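Participant: return a 3D structure for these sequence lines:
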Amino acid sequence: MDKSIILGLIQNTALLVAFSMIYDYSWVQQKRSKSILRKIITGFIIGGIAIILMLTPWIQVPGLVFDTRSVLLSLSGLFFGFIPTLIATAIALVYRISLGGSGLWMGLAVIVVSSAIGIMWRNLRPGWRDRNHLLELAALGYIVHLGMLCCAFLLPPENIKETIQNILIPLLTIYPAGNVLLGLLMLRQYKNWQNRKASVQLLEYEQRFTGMLKNTFLFSIIIDSKGNLTYCNDSFLNVLGYNADEVLGKNAFVLLTHPDSINAVRDAFTYILTGKTGFYNYESDIITKNGSKLIVSWNATVFKGDNISSTTVACIGENITIRKRAENELVKAKLKAEESDQLKSIFLANMSHEIRTPMNAIMGFSNLLGEPDISETEKKQYVDIIKNSSDRLLQIINDIIDVSKIEAKQLTLSLSECKLDQIFTNSIEAFRKSELLRHKKDLKLILNIPKENGEIKFISDQHRFQQILDNLLSNAIKYSETGVVETGYQVKEDAGEKWIEVYVKDTGIGIPDEKHDLIFERFRQVEEGRFHEGAGLGLSISKGILELLGGKIWFTSEVNKGTTFCFSVPYIIPERKHPVQSRTSLPVTDLKGKTVIIAEDDYNSYFYLRLLLEELNANILYAENGHVLMNLIRHKIPDLILLDINMPVLSGFECLRKIREENFQIRIIAQTAYAMPDEKEKCFREGCTGYIAKPISKQELHDALKAVFN
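Facilitator: Here you go, the predicted structure:
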C-alpha cells in the first residue's frame, strides 16, 4: 500500500474526529428538536469538512484521488439525518465536479452512494443503537465501501484494474474500521449526553417529588422502627388539625389510631419492618385532633438501614373517606342498576311477547283467509281473531304513547259531561265478553253500583276515566284465578269537596310489601320472574292521568288473599242549561258524483281507504306525494281530500299552506299516524275541516265524512 495512502488516512482521520466533535457540541446537546435553520447550518459545516477532506487526499493517478468522504457522508446520514446530509452531499458534489479528472464519475458516485446508504440505514433500521451497535456499524462500513468498490467501474477502463488493486485492502480493512471507530465515538458522545441529561432530569424529578410530598394534598409521613413520627407534610397536619410540634417524635399508633385498632395496626407495621415485602398497601382509620374519624389508604415503603433500629417506613396516604362513602352509595346504585338491567330484560321479553303474539295471530289467520275451501263460519272466526289481536296490539302502542305523553307533560284532557253508571256498565260488559275472563271459569266479575245516589253525571274525561277503570279491572282479572273481582264506587265528601271514589277488589295473589313502592313505576309487575300478559304500564299511566284529573290512587293488599285498588276524582257537577235543539244531519251513505283525492304515500293504506270509499260510490283519485296532489288540485278542484300529513316531496302541512295561499276552497280531512296531543289542533289551525288518527276504522271514516259534508 502506497505511503501516500497512509498519510492521507491520518490527515483524514483528524478531520473526522473534528466532525465527531461537531456532532457532540452542536447536535446531541441541543435539548429541543432541531430547527430547519440548524439542520441547514449543520449541512454546510459537514459539506465544508467534506471539501477539506477532498483537499487532503492521496492521489492514485492524476485526476484520480481518494479520501474518507465515504466515511463522513455515510455517518452523517446515520447520525444527522436527511437534510444536513443532503446539503453536505450537494456541496461535496459541486466541489468534486470542479476538480474534474478521470475519476470524476467515480467520485460523484461515491458521494451519492455513501450518503444514500447512511440515510437509508437510519430510516430502515431506526433501533440500531439498541441492538448490537458494533455489528451494525461494521455492516454499514462494509456495505458503504463495497458500494465504493463498485463505483470503480465508472473509471476509464485502463485505470479500473490498477485502482481496485490499490484500494481493495484499505476498502476492506481501514475504511470499515474508520466507520466503526468514528461511529463508536459519536455513539459514545450520544450516550454520554443522554446519561448527563438523565442525571439532570433525575435531580429535577427528585426536587419535584420532594416539593410534591411537601405541598401535595396527599399525606406524607415517615415512621421509625419504634413507631414514632419523624416527618409529616403540611397536608397531613392541616387535615388532622395538629401542628408539627404536637406530632413529631410522638408514637403514631397511640396518637392517631383508635384504641380498638392499635394492635392490628402494630402487627401490620411489624410485618412491613421485617422486609417480607418491599411495598405494602393497606387502609386504616385515623383519628383527628377533634376526634372525628378518617379513612386513609396508605402505600408504605421500607427504607432499610444497617440494622432494624435504623430502618424507617415511608408512607403516602390518601384521604378516601368521601370515596368510601361514595363506594357504599355506588354499591347500592350497582345493585339497583343490576336490578334495572334484569327488569329491562324482563320488559323486553314481555314486550316481545306482547307484540309478537297478536302479530302471530294477525299474520297467521290473514294467511288462512286466503286458503281455498274455508267455510263462512271459519272466515268469521278468523276475522274476529284478527280484529281482537289488532285491538290488543293497538292497545300496547297506545300505552307506550300515553307513557311518553305523560313523561313529556303533553297529555291533554278532553272534559265533558260523563254518566258514571254507563262507564261502569260498558267496562263490565266488555270484560265479561273478553278472552281474558273467558278461560277463568271459577272467577266471577261483580258490579256494585249504589242505588241511593241515582244517576250520577259529572265533568271529566270519559275516555281517560274508563281507561283507568279498565286498567285496574284487567290487572285484577290477570292476577286472580278463582274467587271474585268486584268493582263499584261511592260519593264521599272531604273538607267541603265531593269526590267520586272507585274501588276494584280482587282475591288474587296480592302484592308483597317490598313491591309497594315500585308498583306504579313503568314496566314493573308483581311477578316479574313470571310472564303475565301486559307491558307493566297500566298503573303508571293510571297514576299519571289521575294527577292530571286532580285525583289520586292507592291500594291495600295482602299476599295470597287479594288487593283492593282505589282511586278518586273530583265530583264536578255539570251546570244546568236549557236544552238546545241541535241541527240534525243525514248520515253520509252515498258520495256519488263527488271527487275524493286520497293523498297517501303508503299504497296499502291508500288501497284500504279506496275500498271503504268505493262502497260510497265516490270518484277516487290517488296522489302518492304532495307534488302530485297539488297538480291534481290545480287541474280540477275535488270535493274532498283525505290528506296524509307525513308525505314525501311536499308534506301534508306544506300542501295545506299552498292550498291556503292559492285560496282553494276544499274540504280536507287530515289523516295521521303521529297521534300527538297537539297534532289535531295543528291540523285545524292549518286549514283542515276534519281529522282522523290511524289506524282508521270504517265507522271512524264514516263519522269524519258526516262531520265535513253535513
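
Participant: contact partners for the residue lying closest to Ile320 once chain neighbours are set aside?
Facilitator: Nearest residue to Ile320, sequence neighbours excluded (Cβ to Cβ, 6 or more residues apart in numbering): Ser297, at 4.9 Å. Yep, even glycine has a C-beta here, placed from its N, CA and C like the rest. Contacts for Ser297 (Cβ atoms under 8 Å, 6 or more residues apart in numbering) come out as Asn281, Tyr282, Glu283, Gly317, Glu318, Ile320.

Participant: state the pLDDT value of Ser585.
Facilitator: Reported pLDDT at Ser585 in the predicted model: 44.

Participant: could you say which helix or strand holds the residue nearest to Ile320?
Facilitator: strand 293-303 (DSSP states H and E).

Participant: which other helices and strands contact the helix or strand where Ile272 lies?
Facilitator: Assessed by DSSP H and E, Ile272 sits inside helix 262-273. For helix 262-273, the packing partners by 3 or more Cβ pairs under 8 Å, 6 or more residues apart in numbering; DSSP states H and E come out as helix 252-256, strand 279-287, strand 293-303, strand 312-319.

Participant: quick revisit: list only those of the contacts of Ser297 flagged as buried.
Facilitator: Tyr282, Gly317, Glu318 (16 or more other Cβ atoms under 10 Å).

Participant: ok so, going back, tell me which of the helices and strands packed on helix 262-273 lies nearest to Ile36.
Facilitator: Among those, the nearest to Ile36 by Cβ to Cβ is strand 312-319 (45.6 Å).

Participant: now the closest one, how far from the centre of its chain.
Facilitator: 38 Å (Cα atoms, centre = their mean, to the nearest Å).

Participant: what angle do that strand and strand 279-287 make?
Facilitator: 60 degrees (axes from the mean of the first three to the mean of the last three Cα atoms, to 10 degrees).

Participant: pull up the pairing partners for strand 312-319, direction included.
Facilitator: Neighbouring strands of strand 312-319 in its sheet, by DSSP bridges, are strand 219-224 (antiparallel), strand 293-303 (antiparallel).

Participant: packed most tightly, which of those would that be?
Facilitator: The highest average neighbour count among the strands paired with strand 312-319, using mean count of other Cβ atoms under 10 Å, belongs to strand 219-224 at a mean of 20.

Participant: partners of the helix or strand just after that strand, with directions?
Facilitator: Using DSSP H and E, the helix or strand that follows strand 219-224 in sequence is strand 229-232. Strand 229-232 pairs in its sheet with strand 219-224 (antiparallel), by DSSP bridges.

Participant: ok, back up a step: any chance of the helices and strands packed on helix 262-273 in a markdown table with mean pLDDT and distance to Ser651 as columns?
Facilitator: Shown next, in a markdown table, are the helices and strands packed on helix 262-273 (pLDDT from 0 to 100; distance: least, Cβ to Cβ, whole Å):
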| stretch | mean pLDDT | distance to Ser651 |
| --- | --- | --- |
| helix 252-256 | 87 | 73 |
| strand 279-287 | 82 | 64 |
| strand 293-303 | 85 | 62 |
| strand 312-319 | 86 | 60 |
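
Participant: which among the ones you listed is found nearest to Leu437?
Facilitator: Per Cβ to Cβ, nearest to Leu437 of those: strand 293-303, 59.8 Å.

Participant: average model confidence for the helix or strand Glu136 falls within?
Facilitator: According to DSSP H and E, Glu136 maps onto helix 133-151. The average of the pLDDT scores along helix 133-151 is 88.

Participant: now it: buried residues?
Facilitator: Those would be 136-145, 147-149, 151, for helix 133-151 by 16+ other Cβ under 10 Å.

Participant: which residue ranges of the stretch 551-700 of the chain form helices?
Facilitator: In the stretch 551-700 of the chain, the segments counted as helices under DSSP state H, counting those that start in this stretch are 603-614, 626-635, 652-661, 679-685, 698-709.

Participant: quick one: closest of those to Ser416.
Facilitator: Here helix 679-685 is closest among the helices of the stretch 551-700 of the chain (Cβ to Cβ), at 15.6 Å.

Participant: buried residues in the closest one, which are they?
Facilitator: Lys680, Lys682, Cys683.

Participant: also stretch 123-136?
Facilitator: For stretch 123-136, by 16+ other Cβ under 10 Å, it's Trp128, Glu136.

Participant: what about it, distance to the chain center?
Facilitator: The answer for stretch 123-136 is 44 Å, by Cα atoms, centre = their mean.

Participant: end to end, how far does it reach?
Facilitator: Distance across stretch 123-136, first residue to last, is 14 Å (Cα to Cα, to the nearest Å).

Participant: can you list contacts of that stretch?
Facilitator: For stretch 123-136, using Cβ under 8 Å, 6+ apart, the contacting residues are Trp121, Val180, Gly183, Leu184, Leu187, Tyr190.

Participant: thinking again about what came up before, with pLDDT added, can I get the buried residues of helix 679-685 in a markdown table?
Facilitator: As requested, those are exported to a markdown table (pLDDT from 0 to 100):
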| residue | pLDDT |
| --- | --- |
| Lys680 | 78 |
| Lys682 | 84 |
| Cys683 | 88 |
